[in-house]
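Q: Make a model of this:
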Amino acid sequence: MKTKEHLALQVLHALDIALLRRVGVKKYEFFGQAPCFYDNLFPPSEDGPCVEPWHHSNMLEIFFEEVEHFFINQATDVFSSGIWQEEGKTGDESALIAIAQTFGCEQVIIIRLLQDDFNERSAILGKARAQLLENRVLTRSLELYKEKSQLDGLTKVLNRATFMESLPVQIRKSKSAGHPLSAIMLDIDDFKVINDTLGHITGDQVLRTLGRILRANLRRDDIVARYGGEEFIILLPACELWKALVIAEKLRETIEGHVADGVPQFTASMGCGLYRAGEAPDSYIQRVDIAMYEAKRNGKNQVCMC
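A: So this is what the prediction gives:
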């Protein structure tokens, strides 16, 4: 045997590569020395390494049937089995791959053990997948925590702190886009009477009900928050004052006409105002708040503007 050929066979053996040369229809001869994994999986005969490995592997049985069509059609590309595992035959779950290829007039089958690099890649992918899942759980937990920290626990609208953080942002957006920005401040009428006569549990039901009404009757980009006690505030981006008044009146009518089991009917007084260029956020809220108290002084269950 030539030195170069002998060296090539040694390299194939060291790399756990078995090479079979096709000499006829489903007839093969083994080329070189069989690696240990090959003899373990496909027992040798008295004549040498196994040349009919499909008798010992369901995967190779299918593969060699397809290989005959591949070789008969004189295909010049590569036909691969894909990676599979012969479980329980080598004491571990070693990964294998079989490849059929034509080199000039030679047709060969390469069967290779991928144990080391496959297991290493599997371990790396397993760790990456575990890390990804862990990161997803952590991210989702953080999102839920952030969402809960932004909401009022009773009414499920934003809390005051979150609203105060978003107000300057909305003011800047309004200025940048050249769009108007309106707000509605509303307060449940005679809420103290409800608490004193019907109890705080009923009062909480009234607050929950109002939260649901507001969430269900506002536009997608509108921002609603519980400002404090029975007082709520709504921010209406890209909304003129006249349109904000229409929205406020619709809300007032919806609240007044709402009927629910276990919840007394109630009304709300509202103040409505348009943001003025250069106005400080606190000053804007105070102005709308004054309009809301004006509605209360005028008889309640109405809308006043500033």
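Q: what about residue 200, neighbour count?
A: 10 (other CB atoms under 10 Å). In short, each C-beta sits where N, CA and C put it, glycine included.
Q: Check residue 39 too.
A: 14.
Q: Likewise for residue 305?
A: Residues near residue 305, counting by other CB under 10 Å: 19.
Q: and it, what does it touch?
A: 241, 245, 271, 272, 273, 291 (CB atoms under 8 Å, 6 or more residues apart in numbering).
Q: Give me the helices and strands touching whichever strand or helix holds the fifth one, please.
A: Put plainly, it is residue 273. Using DSSP states H and E, residue 273 sits in strand 268-274. For strand 268-274, the packing partners by 3 or more CB pairs under 8 Å, 6 or more residues apart in numbering; DSSP states H and E come out as strand 181-188, helix 241-257, helix 281-297, strand 303-305.
Q: May I have the strands that pair with the shortest one, each with its orientation?
A: In the sheet containing strand 303-305, its partner strands are strand 268-274 (parallel), by DSSP bridges.
Q: What angle do helix 241-257 and the partner strand make with each other?
A: 170 degrees (axes from the mean of the first three to the mean of the last three CA atoms, to 10 degrees).
Q: in the chain, which spans are strands?
A: Along the chain, counting by DSSP state E, strands occupy 17-24, 27-31, 78-85, 95-103, 106-113, 181-188, 223-228, 231-237, 268-274, 303-305.
Q: pLDDT value on residue 133, please?
A: With respect to pLDDT, residue 133 scores 65.
Q: and the nearest residue to residue 113 once chain neighbours are set aside, how far is that from residue 155?
A: Nearest residue to residue 113 in three dimensions, chain neighbours excluded: residue 16, at 3.8 Å (CB to CB, 6 or more residues apart in numbering). Using CB to CB, to the nearest Å, we find residue 16 at a distance of 67 Å from residue 155.
Q: ok, now residue 260?
A: The value you get for residue 260 to residue 155, if CB to CB is used, is 15 Å.
Q: Repeat that for residue 23.
A: 82 Å.
Q: Which one's more surrounded, those two?
A: Legend: neighbour count by other CB under 10 Å for residue 23 and residue 155, higher for residue 155 (21 against 10).
Q: In this structure the more buried one contacts residue 206, no?
A: No - the criterion here is CB atoms under 8 Å, and residue 155 misses it with residue 206 at 10.1 Å.
Q: Least reliable of the strands of the chain by average pLDDT, please.
A: Checking each of the strands of the chain, the one with the poorest mean pLDDT is strand 78-85, at a mean of 84.
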